[in-house]
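Chemist: Give me a 3D structure for the following:
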Amino acid sequence: MMDVITARGLSKFYGKTRGIEGLTMSIPSGAVYGFLGPNGAGKTTTIRCLLGMLKPTDGEAEVFGTRIGLDGSAMRRRIGYVAGEVKLYEKETGRWHLEYVAGFRGGRGALTDDLLERFDFDPSKKVKELSKGNKQKLALILGMAHDPELLILDEPTSGLDPLNQELVYSVIDERVSAGRTVFLSSHILSEVERVCDRVGIIRSGHLVAEEGVKALLAKRLREMEITFAEPADPSFLNGVPGVDNVVAVSDTVLTARVKGDSVDAVIKRLAQCRLADVRIQRASLEDVFLEYYRAQATDEESVAVEGGEER
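Modeler: Purely as a prediction, here's the structure:
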């Protein structure tokens, strides 16, 4: 299967300020790739380098097997881009925007009417009359109307209500079913969990992890509340791998945080007791992500301390 996006050692510095550094990744055709990181991590810089809007300081990127440059209009017609910060002409109507963009693409997009109807968007209004949510709808329609082979979406549901967010997810699902590829940059982890099959995590300009969403979720934390039929020793779960934050809520109730596949070990330990109830709440992708970042920060602090001691 062909890789639609390839980056090798991609770096971008703004003077002495790092945007991204040494970023290497590949995204195959038909994938929905989630690009995760907090604001300022380098997500938008990466996208702008992939689109040829920024010239990288070092490294290279290819889209559809073609090296990215500051030209390449033919290749860009195969891409749909929805920016994180929507910039539109305030005095012009939605219809004017659709016709203006169609002029660059060589014709009106095949999905235009369908998207206008599904998003319940009135193209006759001027942009200055639109709410933030309707401006986002217009940006999405402009980005997807020509049914591009590659969708690059930077925070695509910003400003949308839950119903319209779900509509965006449905459109993404449909386009992927039709063989399209999606690169979704977001810090809203629930939407990444909803639509992506693989994720890359960017931290301080570096791609620090890549993993399938299912594999990542398999590692996620679980919060357990265990109610015993008789008073229990708070140290009951001591020594069980992957278990921490054990709290005695009462003499018969313990809560604990359980990592990854350690649930099986906990259940085996509980089989030794008389139980009244067990509640297990699975953590979301957001909890996994935050836990990962906490662990990374701890590792970096340890390295910094060790380095200071060596000096």
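
Chemist: How many neighbouring residues does the nearest residue to S11 once chain neighbours are set aside have?
Modeler: Among residues not flanking S11 along the chain, D58 sits closest, at 4.2 Å (Cβ to Cβ, 6 or more residues apart in numbering). (Glycine included, C-beta is placed from N, CA and C.) Counted with other Cβ atoms under 10 Å, residues neighbouring D58 total 11.

Chemist: Go ahead and confirm D58 touches G9.
Modeler: Yes - here D58 reaches G9: they are 6.3 Å apart, a contact under Cβ atoms under 8 Å.

Chemist: so what pLDDT did the residue nearest to S11 get?
Modeler: On pLDDT, D58 comes in at 96.

Chemist: Just list the residues touching it, thanks.
Modeler: For D58, the contacting residues are 9-11, by Cβ atoms under 8 Å, 6 or more residues apart in numbering.

Chemist: Make TSV out of those residues and add pLDDT.
Modeler: As requested, the contacts of D58 are arranged in TSV below (pLDDT from 0 to 100):
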residue	pLDDT
G9	96
L10	96
S11	97
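
Chemist: Would you mind giving the residues you listed as a markdown table with distance to V246 added?
Modeler: Shown next, in a markdown table, are the contacts of D58 (distance: Cβ to Cβ, whole Å):
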| residue | distance to V246 |
| --- | --- |
| G9 | 45 |
| L10 | 44 |
| S11 | 44 |
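
Chemist: so which helix or strand takes in E225?
Modeler: E225 belongs to strand 222-228 when assigned by DSSP states H and E.

Chemist: and that strand, what does it pack onto?
Modeler: Judged by 3 or more Cβ pairs under 8 Å, 6 or more residues apart in numbering; DSSP states H and E, strand 222-228 is in contact with strand 253-258, helix 263-270, strand 275-282.

Chemist: Burial-wise, tell me which of the ones you listed comes out on top.
Modeler: The highest average neighbour count among the helices and strands packed on strand 222-228, using mean count of other Cβ atoms under 10 Å, belongs to strand 253-258 at a mean of 19.

Chemist: any common contacting residues for D58 and G9?
Modeler: Counting by Cβ under 8 Å, 6+ apart, D58 and G9 have no contacts in common.

Chemist: ok but K214 is inside a helix, no?
Modeler: Yes - residue state for K214 (DSSP: H, G, I helix; E, B strand; the rest coil) corresponds to a helix.

Chemist: State whether P38 is indeed within a strand.
Modeler: No - using three-state DSSP, the secondary structure at P38 is coil, not a strand.

Chemist: and it, how many neighbours?
Modeler: Per other Cβ under 10 Å, the neighbour tally for P38 reads 13.

Chemist: which stretches of the stretch 101-250 of the chain have low pLDDT?
Modeler: Applying pLDDT under 70 to the stretch 101-250 of the chain flags the ranges 218-220.

Chemist: all strands of it, in order?
Modeler: Under the criterion DSSP state E, counting those that start in this stretch, the stretch 101-250 of the chain contains strands at 150-154, 181-186, 198-203, 206-212, 222-228, 243-248.

Chemist: mind listing what the fourth one pairs with, with the direction of each?
Modeler: What that stands for is strand 206-212. According to DSSP bridges, strand 206-212 forms sheet pairs with strand 198-203 (antiparallel).

Chemist: Can you name the residues that contact the residue nearest to A139 when sequence neighbours are not counted?
Modeler: Take A139 and drop its neighbours on the chain: the residue closest to it by Cβ to Cβ, 6+ apart is V86, 4.4 Å away. If you count contacts by Cβ under 8 Å, 6+ apart, V86 has them with 135-136, 138-139.

Chemist: helix/strand/coil for V86?
Modeler: coil.

Chemist: Could you tell me how far it is located from N134?
Modeler: Separation of V86 from N134 (Cβ to Cβ, to the nearest Å): 10 Å.

Chemist: got the phi/psi numbers for the closest residue to E149 other than its chain neighbours?
Modeler: Nearest residue to E149, sequence neighbours excluded (Cβ to Cβ, 6+ apart): R78, at 4.7 Å. The phi/psi pair for R78 (degrees, to the nearest 10) reads phi -90, psi 0.
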